[in-house]
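Chemist: Would you be able to build a 3D model of this:
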Amino acid sequence: MAYWQEHSLGIAPQLAGFGTPNSTNGDFVYLQGELPKLQLTTDIAELDLMTGQIGAAPERLPGRRHGTISMSMPLEGLKNGYDPTTDDPGDTGILPPWMALVGNSLGSQMGAAVDTAAKFWSGLHLSVSQYTAAGVASAISTAITMDDATASDKIDVGQLVATAASAATSTVQFGFAKTKSGQVVTLFEASGNTVNSNAANCYGTGTAWLSSAHGNQIPMTMRYVGENTEACYVLQDCICTGWKLTWEAGTVPTIEFSFDVGEFTIDKTLGGLQVPAVFSRIPQIVGANNGRATVGGALKCGLESCVIEYKTEIAAVKCHAATQGITSVTYKKPRVTVSCSVPWVSTDAVYDAAGSAGNTGSHLWQSMLERGTATSIGVYVGSNIGRLFAFLVPSAKIVATPQLADLNGATGYQLTIEASSYTGDTTDTAETSATSPLDSLFRVSVG
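Modeler: Numbers count the residues shown, from 1 in each chain. Here you go, the predicted structure:
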């Protein structure tokens, strides 16, 4: 007799839809993360029936099985040993699993193009760019001029653009494309580095974004297994209801996914530990790794308790003939929320009701709430090609009263900010908001 002490978690797209778990072993990708938090639930109806005997418990009638599961993991970059001269994001095994899951939750370009598990895990529902050797002609901090139209056409507006002299150097210029005109790609905001060399290469990236395909999320099948063949819970009809990504200064960013589970069974033939594929780790967000956080296009220091969170509401579509009585779900009210704290400093601006600076009125953050002023929030880190991570909220609004808070002995503000509508991107080529992150109100990338 053996006990269940070690754990692995595998996940695969459930391409046949609700009620049909994925049973193909090769479709499962195993995640490198913390021990998941699994909550199994069986609906119980308690009827206060007349039992005819003192002390007899009332009958309890079991209903459908369901549950929740959440798992947290450090962010990973591209595959270990990534060679940009032969590998591109979108090829098999290049992008990390968390990016495929984020793209699925946000919608990106979910649709007919993702009809196999291999395509799902390759990230074909994301917006991917390709490597171009010596593709750069010149650069400034806010714009990169490509050698020719062939190089610039490999980049879609809204994608993360990354250039460097080599994949090994830490001097990487990267930022999100805002406009594209001919050979010139203008970045949303100034990059931390400028690689002004006509010998520099343009490197491939993968970008997920919140899109109109948000309601096309593919349900997932999970296998929660132990070291013994008999130790396996099969969780089916798993829908991502949100995730939380940390971007604290000086630490490795992490992401925690939350899923609703539509059905669970145990299978005594599918257990056994699995070793996850190895991907480069996104480094801690510090200046030595090109770490930066920007607000309104300017470098912003002092930010703490930094989290960006995506959530969506779901409603079950019931069917008497469906497994556990649910045939699908509908999605509504997707939201991207940024929360952080920032210290008060004597140079903080004060504005009157008209938005004019002065000595009395509303503090900067309070004024932004009252006037509905939008700003942008960007986070970037990456020690070299293959270990780049960035996200951008191009138009963000404070949605709750900035609360005074104690920040390690200093007075500061706790901010709650949500992504709002944005239409500031332009292109002179064929990409649209349906096929690329153009005009997306949130995008997240690796490269």
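
Chemist: Quick one: residues in contact with the helix ranked longest in the chain.
Modeler: When the chain is parsed with DSSP state H, its longest helix is helix 97-106. With Cβ atoms under 8 Å, 6 or more residues apart in numbering as the test, helix 97-106 has contacts from 11, 13, 29, 31, 73, 75-76, 110, 120-123, 125-126, 206, 208-211, 214, 217-218, 220, 240, 242-243, 255, 257, 310, 312, 334, 442, 444, 446. For the C-beta atoms, the positions are set from N, CA and C on the backbone; glycine is no exception.

Chemist: just how off-centre is it within its chain?
Modeler: Mean C-alpha position of helix 97-106 versus that of the full chain (Cα atoms, centre = their mean, to the nearest Å) differs by 6 Å.

Chemist: cool, and stretch 93-110?
Modeler: On Cα atoms, centre = their mean, the centre of stretch 93-110 falls 8 Å from that of its chain.

Chemist: so where is the stretch 1-150 of the chain shaky, pLDDT-wise?
Modeler: Across the stretch 1-150 of the chain, the ranges flagged by pLDDT under 70 are 112.

Chemist: where do the helices sit along it?
Modeler: With helices called from DSSP state H, counting those that start in this stretch, the stretch 1-150 of the chain shows them at 97-106, 117-122, 149-152.

Chemist: Show residues contacting stretch 221-233.
Modeler: 2, 4-14, 21-23, 28, 36, 38, 69, 234-236, 238, 259, 261, 264-274.

Chemist: Taking the residues you listed, please make a ChimeraX selection of just the buried ones.
Modeler: Of those, the buried ones go into a single ChimeraX selection, burial set by 16 or more other Cβ atoms under 10 Å:
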select :8,9,10,11,12,13,14,21,22,28,36,38,69,234,235,236,238,259,261,264,267,270,271
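
Chemist: How many neighbouring residues does residue 374 have?
Modeler: Residue 374: 18 surrounding residues under other Cβ atoms under 10 Å.

Chemist: is it true that it touches residue 395?
Modeler: Yes. The pair residue 374 / residue 395 is scored as a contact, 4.6 Å apart, by Cβ atoms under 8 Å.

Chemist: residues bridging contact with these two, i.e. touching both?
Modeler: residue 420.

Chemist: packing partners for the helix or strand where residue 180 lies?
Modeler: In the assignment (DSSP states H and E), residue 180 maps to strand 173-181. Judged by 3 or more Cβ pairs under 8 Å, 6 or more residues apart in numbering; DSSP states H and E, strand 173-181 is in contact with strand 160-164, strand 184-187, strand 375-382, strand 388-398, strand 426-427.

Chemist: Quick one: distance of stretch 187-194 to the chain centre.
Modeler: 22 Å.

Chemist: Over to stretch 349-362?
Modeler: 36 Å.

Chemist: Kindly export that stretch (C-alpha atoms) in PDB.
Modeler: Written as PDB, here are the backbone C-alpha positions of stretch 349-362 (Å, rounded to 0.1, in the frame of the first residue of the first chain):
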ATOM      1  CA  ALA A 349       0.900  68.100  -8.000                       C
ATOM      2  CA  VAL A 350      -2.300  69.600  -6.700                       C
ATOM      3  CA  TYR A 351      -5.100  70.500  -9.100                       C
ATOM      4  CA  ASP A 352      -8.300  72.600  -8.900                       C
ATOM      5  CA  ALA A 353     -11.600  71.400 -10.400                       C
ATOM      6  CA  ALA A 354     -10.600  72.700 -13.800                       C
ATOM      7  CA  GLY A 355      -7.400  70.800 -13.800                       C
ATOM      8  CA  SER A 356      -5.100  73.800 -13.200                       C
ATOM      9  CA  ALA A 357      -2.100  73.200 -10.900                       C
ATOM     10  CA  GLY A 358      -1.900  75.200  -7.700                       C
ATOM     11  CA  ASN A 359      -1.500  74.900  -3.900                       C
ATOM     12  CA  THR A 360      -5.000  73.900  -2.900                       C
ATOM     13  CA  GLY A 361      -7.500  71.500  -4.300                       C
ATOM     14  CA  SER A 362      -7.200  67.800  -5.000                       C
END
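
Chemist: What separation do you get for residue 102 and residue 77?
Modeler: 14 Å (Cβ to Cβ, to the nearest Å).

Chemist: do the same with residue 321
Modeler: Taken as Cβ to Cβ, the span from residue 321 to residue 77 is 44 Å.

Chemist: more neighbours, these two?
Modeler: The neighbour comparison of residue 321 against residue 77 (other Cβ under 10 Å) goes to residue 77, with 24 against 7.

Chemist: okay but that one is in contact with residue 385, surely?
Modeler: No. With contact defined as Cβ under 8 Å, residue 77 does not count as touching residue 385 (9.0 Å).

Chemist: Now for these two: what residues contact both?
Modeler: In contact with both residue 77 and residue 385: residue 447, using Cβ under 8 Å, 6+ apart.

Chemist: ends of stretch 156-176, how far apart?
Modeler: 10 Å (Cα to Cα, to the nearest Å).
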